[in-house]
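> 3D model of this:
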Amino acid sequence: MENNQAVLPNKSESQNYMQWITVALLVYLLICAVGMIGGGFKMAAGGHAKELFAFASNPFAGLVVGIVATALIQSSSTVTSIIVGLVAGGLPVELAVPMVMGANVGTSITNTIVSLGHVRAKEEFQRAFSAATVHDFFNLLSVLIFLPLEMAFGLLEKTGGWLSSLFYGSGDSSIKSFNFVKTATAPVVNTVKSATHSLGDQIGGITLILIGIALIFVAITMVGKLLKKLMVGKAKDIMHTAIGRGPLSGIMSGTLVTVLVQSSSTTTSLMVPLAGSGAFKLREIYPFTLGANIGTCVTAVLAATAVTGNAQAALQIAFIHLVYNILGVVVIYGLPILRNLPVKAAEALGATAAENKFAALGYILGVFFVAPALCLGISSQL
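Okay, the predicted model is just below:
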């Protein structure tokens, strides 16, 4: 018996090591996949990338693409990684910016759906639905503030361009000279690219894009499952320790937990049952959701470090995503006049949904599907 008990911990440790090695390989696969999308898009579009996206050249259409794609795929990390790959292949950055904003809104649907699991208990559902939708209202308010500013001044595009230029610069002393990640992924990307090239530029390019998207789905899904096994217990401990210690602690821990589990949807969904049970108040949970927005940007920044094609533009859109989420926290949470708007809206909606369950369903359909359709209607008139 003693010998068996001594062996068990070693076996458990061995399994953990293997799981971490698998996570590293999947992250490598993710970076390769983003490189494939960039290469495939460049191959298929040739020099006509801008013309291909002329139909969606206004911000409202880009916003809709981001919202609906993320609501359907249920992963902003997946959508933003795909956007990074497309930008590397020639998708204009100015079109990609509203797509990234839309991805932030679309990812909020996950925790809102999770809150429906509390629908049978009125007070519990009110607390859970409010905790879920505070993330929605924050992201919607961010879009209302920053999309008009972006359309008028290109604030995020310029900031992201400046940050990416710090890494690439204008001379030879740039990230290109020491980008070992790109060098490490080149054999896989080039091998797949060579295999599809025989199909011709357009068909081969489209095939390469589809392979890249499929690999991103596989990599992010499997990484998410593995990290949940490895880290969710620790993530809950961090959350319990940090919530209630103040807003800065909440934001920082929300960022850390999301980096650990690589999913803002997982982070925010972890909080919904805690809010429903009454363990934490909405105002305590609110800063934690803001940190989740920041933490989810890590995937896109990582993916942008090794793309082929227009690598500086890819890093630019990844930085834009990060800056957008940080500025959202600074402006909305930093200004007292804006800080409580998401909380008050979520509390009001939670109370309404508790009295009328159809209001919750109407809200989900309205925000994630009807509103995007209206945006498309507006965009067609521009």
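> What are the boundaries of the strands in this protein?
Taking DSSP state E, the chain contains no strands at all.
> Any idea which helix or strand in it has the lowest mean pLDDT?
helix 175-178 (a mean of 44; mean pLDDT, DSSP states H and E).
> Against Gln126, how distant is Asn356?
Per Cβ to Cβ, to the nearest Å, Asn356 is found 12 Å from Gln126. In this view, the C-beta of every residue, glycine as well, is placed from N, C-alpha and C.
> Also Ile332?
On the measure of Cβ to Cβ, Ile332 and Gln126 end up 24 Å apart.
> out of Asn356 and Gln126, which sits in the busier spot?
For Asn356 versus Gln126, neighbours defined as other Cβ atoms under 10 Å are more numerous around Gln126 (22 against 10).
> Go ahead and confirm that one touches Thr352.
No. Between Gln126 and Thr352 there is no contact under Cβ atoms under 8 Å: 9.2 Å.
> which residues does the closest residue to Leu163 other than its chain neighbours contact?
Nearest residue to Leu163 in three dimensions, chain neighbours excluded: Phe319, at 4.3 Å (Cβ to Cβ, 6 or more residues apart in numbering). By Cβ atoms under 8 Å, 6 or more residues apart in numbering, Phe319 lies in contact with Thr159, Gly160, Leu163, Ser164, Val301.
> Check the closest residue to the second one other than its chain neighbours and give its pLDDT.
Yep, that's Gly160 we're talking about. In this structure, Gly160 finds its nearest non-sequential neighbour in Ile320, 3.6 Å apart by Cβ to Cβ, 6+ apart. For Ile320, the pLDDT comes out at 94.
> Tell me where the stretch 251-382 of the chain has helices.
According to DSSP state H, counting those that start in this stretch, the stretch 251-382 of the chain carries its helices in the segments 264-276, 282-295, 298-304, 311-328, 334, 336-339, 341-355, 357-365, 371-381.
> Now render those helices as a markdown table, adding distance to Ala24.
A markdown table is the format used below for those (distance: least, Cβ to Cβ, whole Å):
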| stretch | distance to Ala24 |
| --- | --- |
| helix 264-276 | 20 |
| helix 282-295 | 19 |
| helix 298-304 | 12 |
| helix 311-328 | 20 |
| helix 334 | 37 |
| helix 336-339 | 39 |
| helix 341-355 | 37 |
| helix 357-365 | 37 |
| helix 371-381 | 37 |
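> How about exporting stretch 129-141 as CSV, limited to the C-alpha atoms?
Written as CSV, here are the backbone C-alpha positions of stretch 129-141 (Å, rounded to 0.1, in the frame of the first residue of the first chain):
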residue,chain,number,x,y,z
PHE,A,129,-28.2,38.0,-14.6
SER,A,130,-27.0,41.4,-13.3
ALA,A,131,-23.5,40.0,-12.8
ALA,A,132,-23.5,38.6,-16.3
THR,A,133,-24.8,41.7,-18.1
VAL,A,134,-22.6,44.2,-16.4
HIS,A,135,-19.9,42.9,-18.8
ASP,A,136,-22.2,43.5,-21.7
PHE,A,137,-23.1,47.0,-20.8
PHE,A,138,-19.4,47.9,-20.2
ASN,A,139,-18.4,46.6,-23.6
LEU,A,140,-21.4,48.3,-25.3
LEU,A,141,-20.5,51.6,-23.6
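> which residues touch that stretch?
Residues contacting stretch 129-141 (Cβ under 8 Å, 6+ apart): 104-105, 108, 111-112, 114-116, 118, 268, 271-272, 274-276, 282, 285-286, 289-290, 292-293, 328, 332, 338, 341-343, 345-347, 349-351, 353-354, 360, 363, 367.
> let's see 6 Å
Defining contact as Cβ atoms under 6 Å, 6 or more residues apart in numbering, one finds that stretch 129-141 is touched by 104-105, 108, 111-112, 115, 268, 271-272, 275, 282, 285-286, 289, 332, 342-343, 345-347, 349-350, 353.
> now it: how far from the chain's centre is it?
Relative to the chain's own centre, stretch 129-141 is displaced by 16 Å; criterion: Cα atoms, centre = their mean, to the nearest Å.
> what do you get for stretch 93-103?
12 Å.
> Just the buried positions in it, please.
Residues of stretch 93-103 classed as buried: Val93, Leu95, Ala96, Val97, Pro98, Met99, Val100, Met101, Gly102, Ala103 (neighbour count, 16 or more other Cβ atoms under 10 Å).
> try stretch 191-205
Val192, Lys193, Thr196, Gly204, Gly205.
> Endpoints of it, how far apart?
14 Å (Cα to Cα, to the nearest Å).
> Please enumerate residues in contact with stretch 281-298?
76-77, 130-131, 134-135, 243-244, 247, 250-251, 254-255, 258-259, 264, 267-268, 271, 275, 321-322, 325, 329, 343.
> Low-confidence ranges, the stretch 251-382 of the chain, go.
Residue ranges of the stretch 251-382 of the chain with pLDDT under 70: 261-263, 266, 306-309, 378-382.
> how close does Gly161 get to Met151?
Counting by Cβ to Cβ - Gly161 and Met151 are separated by 17 Å.
> How about Val343?
Using Cβ to Cβ, we find Val343 at a distance of 28 Å from Met151.
> just to revisit the earlier point, have a look at Gly161 and Met151 and say which one is more surrounded.
A count of neighbours by other Cβ under 10 Å puts Gly161 above the other of Gly161 and Met151, at 18 against 15.
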